[in-house]
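Novice: Next come a sequence and a model predicted from it.
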There are 2 protein chains.
Amino acid sequence: MTQPTIPTALSVALLGGGTVGSQVARLLTEDADLFAERVGAPLHLTGIAVRSLDRPRQAAVDPALYTTDAEALVEDADIVVELMGGIEPARSLIERALRRGAVVVTGNKALLARHGAQLSALAAEHGGSLDGEAAVAAAIPILRPLRDSLAGDRVHRVMGILNGTTNFILDRMDTDGAAYDEVLAEAQRLGYAEADPTADVQGHDAAAKVAILAGLAFGGSFTIDQVDCTGIAAITAQDSAAAAEAGLVVKLLGIAERQVDGAVLRVHPTLVPREHPLAAVRGAFNAVFVEAENAGELMFYGPGAGGRETASAVLGDVVTAARHRVLGSAMRADRAGATAGPPALPITQASTSEMIVLRVCDAPGVLRDVAAVFAEHDVSIEAMRQGPDASDDAVAEAEGRSSVRLRVITHRAPQAALDAVVADLSAAESVYEVVSVLRVEGK
Amino acid sequence: MTQPTIPTALSVALLGGGTVGSQVARLLTEDADLFAERVGAPLHLTGIAVRSLDRPRQAAVDPALYTTDAEALVEDADIVVELMGGIEPARSLIERALRRGAVVVTGNKALLARHGAQLSALAAEHGGSLDGEAAVAAAIPILRPLRDSLAGDRVHRVMGILNGTTNFILDRMDTDGAAYDEVLAEAQRLGYAEADPTADVQGHDAAAKVAILAGLAFGGSFTIDQVDCTGIAAITAQDSAAAAEAGLVVKLLGIAERQVDGAVLRVHPTLVPREHPLAAVRGAFNAVFVEAENAGELMFYGPGAGGRETASAVLGDVVTAARHRVLGSAMRADRAGATAGPPALPITQASTSEMIVLRVCDAPGVLRDVAAVFAEHDVSIEAMRQGPDASDDAVAEAEGRSSVRLRVITHRAPQAALDAVVADLSAAESVYEVVSVLRVEGK
């Protein structure tokens, strides 16, 4: 077998310089070393195609990279990243790249929901690749898990909160009992809803995502036109209240369901039991719930929008596809296991917060003494609560002295400092006992 | 470039015939057609290596496939699936397969947490592959998302409920205020905890998983010995109560945290705010919470154990690696886009349940009439509730007739039948108004 050449660098053409595109351009520029290490070859950003050169540009990026000639840019790129949106000219540009066997990464849900299957076939035919993780639920990894991690299973159903705007609105209606129009106006003020919220509130955005999810979950090809779609505009505060009364909550779900002879795709306001994992998805967050034959019930949760979040998904696709290209061209034994990761550190170098429960002497000045121990080691206190406790009374009686229970929750501090605090407290005269020390995370 | 040959079939050697192994053997046998279609070439199970031929075997599998000679089995397999557990002979067998450039899939967390980095390097050196999705959180796709989907991002922290047994115990202590010993005994009775629960309750099982997660999240190589580990045996009902009082809940978390100069790996009982997504992970479920620079906060949730669940993860790795092998050997344009998926069906073929709110005449016999409409279309009722409503009174007064509100929740039924019910209700004389119809999912 002939030895294919190892690429010295992979060229990246970026189509689109909007919210997501500008973040992708910035990260490819600022984190060039990181990408070179992870891919095994540098990624070289050759240009950013935009509609007009007059619009604001990403400060971190060489202004000379901006161009309006998308066709020329695509011509000889190894990797094409399409973030223009819409069907044309995105489709033609992607087809052109795929016919050359290029790696294509897109975040274009409208395009994938109409022509995804044909474009994937084109990629396979010419030895290229097409990925679109960013098109569904931003940074939440869902397309790749459906395609790869569940490749040995049968997916029965995918059920997702796929649109942050509508989830924000419905969540507010549920929490505050507010009316739809009122909350929509608030969402627009806060930037969660666009001035023209049609695509979101009528469910079209979610419908495109359902078509894409169904194709990956069940195989084959589905389009947005096959999704039965009802939006949330008719949901009233009364609906929300009636649902709450029955232990349910209204969510706009996109559902793709396998049946014996086909699959049903639908988007509609749906009542979900309060104890269901999807019911706990609040605000503008997204989540996808998957039911598979053997894997059982899985859920993927995270932010469903945002420039940086979506850029993360785009770049995950770029690095993975580029890595395959580099590895496929030649096994590079010299690089095997060379990803120099960080060293492991002792837990004393962790930073955490702790809840410390103490039994202390019930006398004036004790709180001051205890607080002083924390201050000495630069550990600041988030909350302190003093109270009696039945078990303390018994101990106190036995010991013939009066004690009180103290619960302290600290702010985040170095583990070494927290350990020193606990050691000093254990030795303090006014502290009878350090009852428990537990770390707190997730605050 | 020479044209490599397309494999006509890929041989699979299975090492281990226990809970997971027997499920993998069954599925490879029963779903052979599915795997052949998804991989692009048949997967041919050549044997199952077990310690003794006297133990019970999987009924669906040809008994002649069982062997005690693991070494011979591994010798010429394209794909080696290792589910024996423990360090030896698993390590030697895997090394042997990797030196031949084979695809290796393992569920062996102990092995990966000690020798994962060396084995991955060996795979890369010889053009093979090593995957171990099943080693962490069973069917929850987490290793692949960390390695691929987040390949373009910087992971700051991974925080997981990685052991179902301890989560079951802590959840019970939190919910029922029960004592540790009591709940442990119950967990053993129910089969959630083993007779010797040491590896679970002392956190060693979670620690192995943290080492594996850290390697994928941060790059580089971590071992279980670098994980600072505290189990849950010292947690008291009082700790749990004190946490609850402060709006917190005790969870055994495995945490891998990137610092400027390294990474801290730890497993310990941790207080988590009630509103944090990890706090909602109940019973024996697992979840992994990931914080990344751009993606933000992501969570992956699902069953963390079980033969079929773990087999799903194993087979996902097998199909994906096998697919790459087939595609890598030659682009098969004839198969491009050939994955024949199911057709899209109209929503009338969906099966769902609905909450239907009606305003009906307040007279004897009306409930019977309404119930009859449901029965006529074979739609059974899960719950029916009748009650007044302020808005109804106003309408009723205006209309000069007395009405009452009826809320019906159906069991799952064909959409067509539900539509017919609503149409008939709308036309019924005693029904003044169909106030709302909303689908219910997730029950």
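Specialist: Received the coordinates, thanks.
Novice: Do a quick rundown of the helices in the stretch 51-200 of chain A.
Specialist: For the stretch 51-200 of chain A, the helices defined by DSSP state H, counting those that start in this stretch cover A:70-75, A:90-99, A:109-125, A:143-144, A:164-176, A:180-190, A:198-201.
Novice: Looking at the ones you listed, which is nearest to B:Arg359?
Specialist: When the helices of the stretch 51-200 of chain A are ranked by distance to B:Arg359, counting by C-beta to C-beta, first place goes to helix A:180-190 at 20.6 Å. In this view, the C-beta of every residue, glycine as well, is placed from N, C-alpha and C.
Novice: Between helix A:164-176 and that closest one, find me the angle.
Specialist: Taking axes from the mean of the first three to the mean of the last three C-alpha atoms, to 10 degrees, one finds that helix A:180-190 is oriented at 120 degrees with respect to helix A:164-176.
Novice: Can you tell me how far A:Val360 is from chain B?
Specialist: A:Val360 sits 15 Å away from chain B, taking C-beta to the nearest C-beta, to the nearest Å as the criterion.
Novice: so that residue sits in a helix?
Specialist: No: according to DSSP: H, G, I helix; E, B strand; the rest coil, A:Val360 belongs to no helix; its state is strand.
Novice: does it really touch A:Ser430, like I thought?
Specialist: Yes: A:Val360 sits in contact with A:Ser430 when judged by C-beta atoms under 8 Å, with a separation of 5.6 Å.
Novice: what touches both of these two?
Specialist: Shared contacts of A:Val360 and A:Ser430, defined by C-beta atoms under 8 Å, 6 or more residues apart in numbering or on different chains, are found at A:Val366, A:Val370.
Novice: which one of the two has more residues nearby?
Specialist: Neighbour totals were compared for A:Val360 and A:Ser430, and A:Val360 leads with 22 against 17 (other C-beta atoms under 10 Å in any protein chain shown).
Novice: OK, now which residue of the stretch 251-400 of chain A is nearest to chain B?
Specialist: Across the stretch 251-400 of chain A, the shortest distance to chain B (C-beta to the nearest C-beta) belongs to A:Gly341, at 1.5 Å.
Novice: Could you do the stretch 51-200 of chain A as well?
Specialist: Taking C-beta to the nearest C-beta, the stretch 51-200 of chain A has A:Gly152 as its residue nearest chain B, at 2.4 Å.
Novice: coming back round to it: locate the residue of the stretch 251-400 of chain A closest to chain B within the secondary structure: which element?
Specialist: Assigned by DSSP states H and E, A:Gly341 belongs to neither a helix nor a strand.
Novice: So it sits against B:Ser221, correct?
Specialist: Yes: A:Gly341 is within contact range of B:Ser221, at 6.5 Å (criterion: C-beta under 8 Å).
Novice: Those two: who's more crowded?
Specialist: The residue with more neighbours, out of A:Gly341 and B:Ser221 and counting by other C-beta under 10 Å, is B:Ser221; that gives 21 against 18.
Novice: what does the model give the closest residue in space to A:Asp239 that isn't next to it in sequence for pLDDT?
Specialist: In this structure, A:Asp239 finds its nearest non-sequential neighbour in B:Ser436, 5.3 Å apart by C-beta to C-beta, 6 or more residues apart in numbering or on different chains. Note for B:Ser436: predicted pLDDT of 89.
Novice: Surely B:Ser436 touches B:Val357?
Specialist: Yes: using C-beta under 8 Å, B:Ser436 makes contact with B:Val357 at a distance of 4.7 Å.
Novice: hey, what's in contact with both of those two?
Specialist: A:Asp239, A:Ala242.
Novice: just so I have it, where are all the helices in the stretch 251-400 of chain A?
Specialist: Under DSSP H, counting those that start in this stretch, the stretch 251-400 of chain A gives helices at A:307-329, A:366-376, A:390-399.
Novice: is it possible to export the ones you listed to CSV including distance to chain B?
Specialist: Rendered in CSV, the data for the helices of the stretch 251-400 of chain A read as follows (distance: least, C-beta to the nearest C-beta, whole Å):
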stretch, distance to chain B
helix A:307-329, 2
helix A:366-376, 17
helix A:390-399, 7
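Novice: picking that back up, give me the common contacts of A:Gly341 and B:Ser221.
Specialist: Shared contacts of A:Gly341 and B:Ser221 (C-beta under 8 Å, 6+ apart): B:Gly215.
Novice: Please name the bridge partners of A:Val360.
Specialist: Partner residues in beta bridges with A:Val360, using DSSP bridges, are A:Val404, A:Val431.
Novice: And the pLDDT at the residue lying closest to A:Leu418 once chain neighbours are set aside?
Specialist: Sequence neighbours aside, A:Glu354 is the residue nearest to A:Leu418 in space, at 5.3 Å (criterion: C-beta to C-beta, 6+ apart). Per-residue pLDDT puts A:Glu354 at 93.
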